[in-house]
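**Q** what follows is a predicted protein model with its sequence.
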Amino acid sequence: MNELFEGQVSPIFDLASLTLEVTNLEKVQTFYGQLLGLTPVSNDPECGTLELRVGEFQTLRFWKPLSRRCNSERLSKLGARGGSHVHYALQIPHGGRQNAQNLLTFYGVEWQEIDLADPDDPQAEPDLGTYFFDPFGHGLELREIMLEPADPRFPAVPPVVPGQDARSIPVLGLREAALAFEDFESMLERLPQAYGFAFAEQMEDRAFGQFTLGPQVEKDGQGTPRRWLYCWDPQVGLADMLGGEHATVSFYADIKGVRRRLERLRDQGQGLELLEDEHGLAVRDPSGHVFEFLPLPLELSAPYPSSSASHRNLQRISFSVP
């Protein structure tokens, strides 16, 4: 599969936003605000939407389904919905795992820890993820990341630790989203060809594909600050978590680069339903997911900012469980 991407530069810069389907927006604010310290960007009960800031340039969007209405008038043409039972991961500072677990326990949230290191590599150091569920069945994961100024894997959207209450887990950014695809094999072909996602790896023992959200294919692993898209067929994953269905996911991207790929696909008679406006480009994938491609924020003028610029808002933090 890597030959589909060999020698190319992906037009996908980074993960921008993930939209989740929920039943109660007030519960969202309580759970995500109290536990993770996320603050609202917008809140529109009439449209059934709530958007929370993650770091500086990423967001989580929560949509409460409405009868005969799409939560987003702009994306209604594509039948956009919030994803159900989505597994996704958040980045936390290196060394913050134990405090995060203590806070989960303090708030009565059940969690489990799983070592993601390669069991066949005797030299591999532990790569620990902390897994738990929100009140709506979405599966969350916390992963520590390293913030080395010279790390070439530093993402286009810099991870940022917000100033927040010591009783909340400090979240640096979104790390990954996991989506389900019924036709797994066609997905492996389509995502690099139609959109330019950088295919990184496929597991041998299960239908599981991994895409780097950045310019080139990279290897996932302990401490990486890079962001990821995981794709699998409908299956139960680690910690009994599922890949999301009918999800709306936004990416920062070179929109012209994505459009060129979609036009080539259209010329081959395989055009996808899409819309393009002043906000960006959005496409309904045959799987039922909606992918939105957005320009980088003006503050991030270059696709991959220098490490000094990326770290301008980082701060040393310490906190303890109340």
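**A** Structure received.

**Q** low-confidence ranges in the stretch 201-322 of the chain?
**A** 301-322 (pLDDT under 70).

**Q** go again with 50.
**A** Counting by pLDDT under 50, the ranges of the stretch 201-322 of the chain that qualify are 304-322.

**Q** all strands of it, in order?
**A** Assigned by DSSP state E, counting those that start in this stretch, the strands in the stretch 201-322 of the chain fall at 208-213, 227-232, 248-253, 273-277, 280-284, 290-294.

**Q** now these as TSV including distance to T105?
**A** Every residue, glycine included, has its C-beta placed from N, CA and C. Below are these laid out as TSV (distance: least, C-beta to C-beta, whole Å):
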stretch	distance to T105
strand 208-213	30
strand 227-232	27
strand 248-253	31
strand 273-277	45
strand 280-284	40
strand 290-294	36
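
**Q** now L188: which helix or strand?
**A** Per DSSP states H and E, L188 falls inside helix 184-190.

**Q** buried sites along that helix?
**A** F184, M187, L188, R190 (16 or more other C-beta atoms under 10 Å).

**Q** can you give me the end-to-end distance of stretch 266-275?
**A** 14 Å (C-alpha to C-alpha, to the nearest Å).

**Q** actually stretch 86-100, not the one I typed
**A** Termini of stretch 86-100 sit 21 Å apart (C-alpha to C-alpha).

**Q** ok, for R264, nearest residue in space, not its chain neighbours?
**A** Q193 (8.0 Å; C-beta to C-beta, 6 or more residues apart in numbering).

**Q** how many other residues sit next to that neighbour?
**A** 17 (other C-beta atoms under 10 Å).

**Q** okay, it and R261: tell me how far apart.
**A** Distance, Q193 to R261, using C-beta to C-beta, to the nearest Å: 7 Å.

**Q** and what of P295?
**A** 17 Å.

**Q** and what of L188?
**A** 15 Å.

**Q** look at the residue nearest to R264 and report its pLDDT.
**A** At Q193, the pLDDT value in this model is 94.

**Q** before we move on, back to that, out of the strands of the stretch 201-322 of the chain, which comes closest to E46?
**A** strand 248-253 (19.2 Å; C-beta to C-beta).

**Q** what helices or strands is the closest one leaning on?
**A** strand 12-21, strand 290-294 (3 or more C-beta pairs under 8 Å, 6 or more residues apart in numbering; DSSP states H and E).

**Q** partner strands of that strand, parallel or antiparallel?
**A** strand 12-21 (antiparallel), strand 290-294 (parallel) (DSSP bridges).

**Q** reformat the ones you listed as JSON lines; add distance to P152.
**A** Converted to JSON lines, the strands paired with strand 248-253 look like this (distance: least, C-beta to C-beta, whole Å):
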{"stretch": "strand 12-21", "distance to P152": "15"}
{"stretch": "strand 290-294", "distance to P152": "24"}
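
**Q** now those strands as CSV including mean neighbour count and distance to Q58?
**A** Formatted as CSV, the strands paired with strand 248-253 follow (neighbours: other C-beta atoms under 10 Å; distance: least, C-beta to C-beta, whole Å):
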stretch, mean neighbour count, distance to Q58
strand 12-21, 25, 6
strand 290-294, 24, 11
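
**Q** indicate which one of the strands of the stretch 201-322 of the chain is closest to Y107.
**A** Nearest of the strands of the stretch 201-322 of the chain (C-beta to C-beta): strand 227-232, 26.3 Å.

**Q** list the buried residues of that closest one.
**A** R227, W228, L229, Y230, C231, W232.

**Q** closest to A180 out of those?
**A** W232 (6.4 Å).

**Q** give me the phi and psi for Q101.
**A** Backbone torsions for Q101, taken as degrees, to the nearest 10, come to phi -60, psi -40.

**Q** quick thing: my sequence starts at 346, can you match it?
**A** With the count now opening at 346, the last piece we talked about shows up as Q446.

**Q** that one and T475 touch, don't they?
**A** Yes - at 5.8 Å, Q446 counts as touching T475 under the criterion of C-beta atoms under 8 Å.

**Q** any idea how far P471 is from the residue nearest to L363 when sequence neighbours are not counted?
**A** Nearest residue to L363 in three dimensions, chain neighbours excluded: A522, at 5.2 Å (C-beta to C-beta, 6+ apart). A522 is 24 Å from P471, where distance means C-beta to C-beta.

**Q** looking at the two, which is more packed in?
**A** Taking other C-beta under 10 Å, A522 and P471 do not tie; A522 has more neighbours (27 against 9).
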